[in-house]
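Chemist: sequence plus the predicted model coming up.
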Amino acid sequence: MRFSQLFGKTTKTLPTDAKIASHKLLYKGGFIRRISTGRWAFLPLGMRVWEKVYKVIDEEMKAIGCQKVVVPTLHPIEIWQATNRDKAFGEEMLVVSDHHGATFAIGATAEGVMLELVKMFRPSYKDLPILIYQFSQKFRDDKRPRGGIMRVREFMMKDAYSFADSEKQALEVYWKFYDAYLRIAKKLDLPVIPVEADSGAIGGSLSHEFQVESPDGDQTFFVCDNCGYAANIEKAEFERVPINPQEKMEPFRIIPQPEWVCSMEDNVAHYKEPLWRYLKNVVYKDEKGRIIIASLRGDQNVCETKLKRVLKVESLTPASEADLAKIGTKPGYVHSWGIKGVTYVGDLGLPMVRNYIGGQKEKTTDSINVNYGRDFSYKILADIAEAKDGDLCARCKKGHLRQKTGFEWGHCFKLDLVYSKPQNGYFTDKKGKQKLLWMGSYGIGIERTMACLVETHHDKRGIIWPKSVTPFAAHLILIRNSQLAIRKFANEVYEELAKAGVEVLYDDREETSAGEKFADADLIGCPVRLVISEKTGEKIEWKERGKKEIKLLSLEELISKLV
Ligand SMILES: [Zn+2]
């Protein structure tokens, strides 16, 4: 490809909202342009990477016996309603109607539709497991698309689905995809950490996110420094340990307390005790209007996903002042016990502190020396708190969880019967009986993959593409104002490389200075930069991106190195 003819140009100006490296560099390098919020065009340079990422994923899906299909983008809404997924996705789902009065969900994922497709063939146990996948445009009405192509409203996703005859077979297939994901990441040279995750809106019992660690990441996860247990913040399990076992349980007392002491900060200011000493109540309302009081130690935060899982509810919203008024209380005055008509859920950490402050605040009094089990207790005591850096690992009970941030690259879900039950997804077993299909689903977005690759492969000058996905294997630069013989030689090198099957971006621009051409080569990030000038004569200068060493090679040597 001749640079002079390339559609899309590099630029020095940045969009004002560009914060992360992939957004900045893919924009400056002329790989992508924004059409509207969360929707991006891919320019020729971007498409070359896009297609290579597609190919790597495609090959690995085929290698595990997964077969390619495609289903429509518009899904009959009834399929989504059958499993309540329309509610679980909520406002992220786009819905359209046609002129015939039919309503469709615009595909955000395709579990329901793929199951309907499989059902058409009335599978028997002999057909199972069925592994199918598609590449198709997905739509999510994300409230806050950000980070260039990292988080978008419209993207290409490889989504695969598995259908099995039993939990055992479903697990075998799950780990097959898991391993395939690790192989894809390796081929792409993408460093990933598989972390246990909550299944969220998709549903199911086992799920892994493949995280790419980055200080700019929008996801929080934990990795044990001893056993390697890794889980995201919505899932990470940790051991609660006694905080002050040396203290004796003191007698429960009601004491005077100034009226202004309401929040955790007020308590710390007034009593000068650490956060864990106080009882904390966070009030929510679920989709049915039930009021839930989550009770935990002052140093802990409620993990809403864990709380939803414990309560088996789809949504939780913070209770309003009106909600609190209905149960006879107001902000800062919620009691840790005794409120009628609410559901109390306590965290496992509650019994780990002796002599809490709080729990029964009134206008000018509060309770002290409060002990869980003696003064109050709950029917539901569960893991509802977020893990923190340094918490004891729940798996090995020796190591500590280390908090990390990253970007979620891919996701595997073991779905169990979440879809097959409401959608009547059956197969015929050996005895001729109808049994429910065990499902799994597995997604990777191509745009996100490209963004993650740039996040992990760049320096201050630009991108450093891994060989497997680079837009061109080499970036050939002809220094301007070279003599005719040199220009002819550069053209010959370009043509010979093309003939040998090497993908070359040939910067033949007449008006552009050497400095600008070098800067563009670094920005675009092909693994090898080649320079031809009057200085190099009959040779070609070879420099690898990200390295300093420069070599002079003959055309023959060059071809043998690149082919
Ligand atoms: Zn551990």
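Modeler: It's in.
Chemist: how about the residue lying closest to residue 509 once chain neighbours are set aside, secondary structure?
Modeler: Counting by Cβ to Cβ, 6 or more residues apart in numbering, residue 509 lies nearest to residue 4, which is 5.1 Å off, once chain neighbours are set aside. C-beta coordinates here come from the backbone N, C-alpha and C atoms, glycine included. Classification of residue 4 using DSSP: H, G, I helix; E, B strand; the rest coil returns helix.
Chemist: so who does residue 4 touch?
Modeler: 508, 509, 510 (Cβ atoms under 8 Å, 6 or more residues apart in numbering).
Chemist: of those residues, buried ones?
Modeler: Buried residues within the contacts of residue 4, defined by neighbour count using 16 or more other Cβ atoms under 10 Å: 508, 509.
Chemist: out of the contacts of residue 4, which one has the weakest pLDDT?
Modeler: The lowest pLDDT within those belongs to residue 510, which sits at 90.
Chemist: is it correct that it is in contact with residue 478?
Modeler: No. Using Cβ atoms under 8 Å, residue 510 makes no contact with residue 478, being 9.2 Å away.
Chemist: list the contacts for residue 22?
Modeler: Per Cβ under 8 Å, 6+ apart, neighbours of residue 22: 147, 148, 149, 150, 450, 451, 452, 453, 454, 455, 458.
Chemist: could I get the residues you listed as a markdown table with pLDDT and secondary structure?
Modeler: Below are the contacts of residue 22 laid out as a markdown table (pLDDT from 0 to 100; DSSP: H, G, I helix; E, B strand; the rest coil):
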| residue | pLDDT | secondary structure |
| --- | --- | --- |
| 147 | 93 | coil |
| 148 | 94 | coil |
| 149 | 95 | coil |
| 150 | 95 | coil |
| 450 | 98 | helix |
| 451 | 98 | helix |
| 452 | 98 | helix |
| 453 | 98 | helix |
| 454 | 98 | helix |
| 455 | 98 | helix |
| 458 | 98 | strand |
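Chemist: neighbour count and distance to the ion added to those, as a markdown table?
Modeler: Shown next, in a markdown table, are the contacts of residue 22 (neighbours: other Cβ atoms under 10 Å; distance: Cβ to the ion, whole Å):
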| residue | neighbour count | distance to the ion |
| --- | --- | --- |
| 147 | 22 | 31 |
| 148 | 27 | 35 |
| 149 | 28 | 35 |
| 150 | 25 | 30 |
| 450 | 27 | 33 |
| 451 | 27 | 31 |
| 452 | 28 | 26 |
| 453 | 25 | 30 |
| 454 | 27 | 32 |
| 455 | 25 | 27 |
| 458 | 20 | 32 |
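Chemist: quick one, phi psi at the residue of the stretch 51-200 of the chain found nearest the ion?
Modeler: Closest contact between the stretch 51-200 of the chain and the ion, by Cβ to the ion, is at residue 196 (12.2 Å). Note on residue 196: its backbone torsions stand at phi -70, psi 140 [degrees, to the nearest 10].
Chemist: tell me how many other residues surround it.
Modeler: As a burial measure, residue 196 scores 18 neighbours (other Cβ atoms under 10 Å).
Chemist: ok, the closest residue to it other than its chain neighbours to residue 400 distance?
Modeler: Excluding its sequence neighbours, the residue lying closest to residue 196 (Cβ to Cβ, 6+ apart) is residue 231, at 4.0 Å. According to Cβ to Cβ, to the nearest Å, residue 231 and residue 400 sit 14 Å apart.
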